[in-house]
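> Have a look at this fold, sequence not included:
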């Protein structure tokens, strides 16, 4: 597989300490749990098994994303490739929900309202971002910083977050607003887009 095309590999970070505690995380900065580190190692093993050699790594500025990227590169024996960290790839900002237990948030605002904040496309939580607003920072960064590398024929690894990756996948897959809010992205599962002359020719999840 690995020499016919060039590749964009997307990986949602492994389980974080706050994922484990059922807390809204957003731009808060907990690290990976032991389980999250194992998920990142497995992601690296899966990418290695496909024979994909990554040329560039992009992460957010949040430690769970950075740690995931480092663990994957270690598995690929690629400790010296170019790495870019940028807040444009950060998780969606959950505003006043950040740090709250999801059950406690439902008690405070009501289950229906919390569901709207979590699963609507363009309704932000108080002080936070909607998925639409997340995409408005992710997509320009992708178009300006990542896609030109793909056009050069390089293989790019992006270790980021559920909602920043969801915003990107919406564009890559041509999904509607309704479709994207229903999309679940599993932690630690590499999503590989195969490109030929800048055009997507194949998509594959590695598991």
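Sure, I can see it. For clarity, every value in this text was computed on a predicted model and none was experimentally measured.
> Please point out which parts of the helix with the most length in the chain sit buried.
Ranked by number of residues, the top helix in the chain under DSSP state H is helix 34-49. Of the residues in helix 34-49, those scored as buried under the neighbour-count criterion (16 or more other C-beta atoms under 10 Å) are 36, 37, 39, 40, 41, 42, 43, 44, 46, 47. C-beta here means a position set from N, CA and C on the backbone, and glycine is covered the same way.
> And it, what does it pack against?
Applying 3 or more C-beta pairs under 8 Å, 6 or more residues apart in numbering; DSSP states H and E, one finds that helix 34-49 makes contact with strand 6-12, helix 63-75.
> contacting residues around it?
Applying C-beta atoms under 8 Å, 6 or more residues apart in numbering, the external contacts of helix 34-49 come out as 9, 11, 13-16, 19-20, 32, 54, 64, 67-68, 71-76, 157, 159, 187-190, 192, 206-207.
> Buried only: go through the residues you listed for me.
Burial of the contacts of helix 34-49 was assessed by neighbour count (16+ other C-beta under 10 Å); the buried members are 9, 11, 13-16, 19, 32, 54, 64, 67-68, 71-73, 75-76, 157, 159, 187-190, 192, 206.
> would you list every one of the strands in this protein?
6-12, 56-59, 82-85, 156-160, 191-196, 199-205 (DSSP state E).
> one step back: for residue 176, which of the helices and strands packed on helix 34-49 is the nearest?
Closest of the helices and strands packed on helix 34-49 to residue 176 is strand 6-12, at 19.6 Å (criterion: C-beta to C-beta).
> Okay, now the sheet partners of the closest one, with direction.
Strand 6-12 sits in its sheet next to strand 156-160 (parallel), strand 191-196 (antiparallel), going by DSSP bridges.
> What average pLDDT does that strand get?
Predicted confidence along strand 6-12 averages 97 (mean pLDDT).
> The nearest residue to residue 180 once chain neighbours are set aside: what's it in contact with?
Nearest in space to residue 180, with sequence neighbours left out and distances taken as C-beta to C-beta, 6 or more residues apart in numbering, is residue 170 at 4.2 Å. Residue 170 is in contact with 135, 179, 180, 183, counting by C-beta under 8 Å, 6+ apart.
> pLDDT value on the closest residue to residue 190 other than its chain neighbours, please?
With C-beta to C-beta, 6+ apart as the measure, residue 206 is the residue that lies nearest to residue 190, at 4.3 Å, once sequence neighbours are left out. In the prediction, the pLDDT value recorded for residue 206 is 97.
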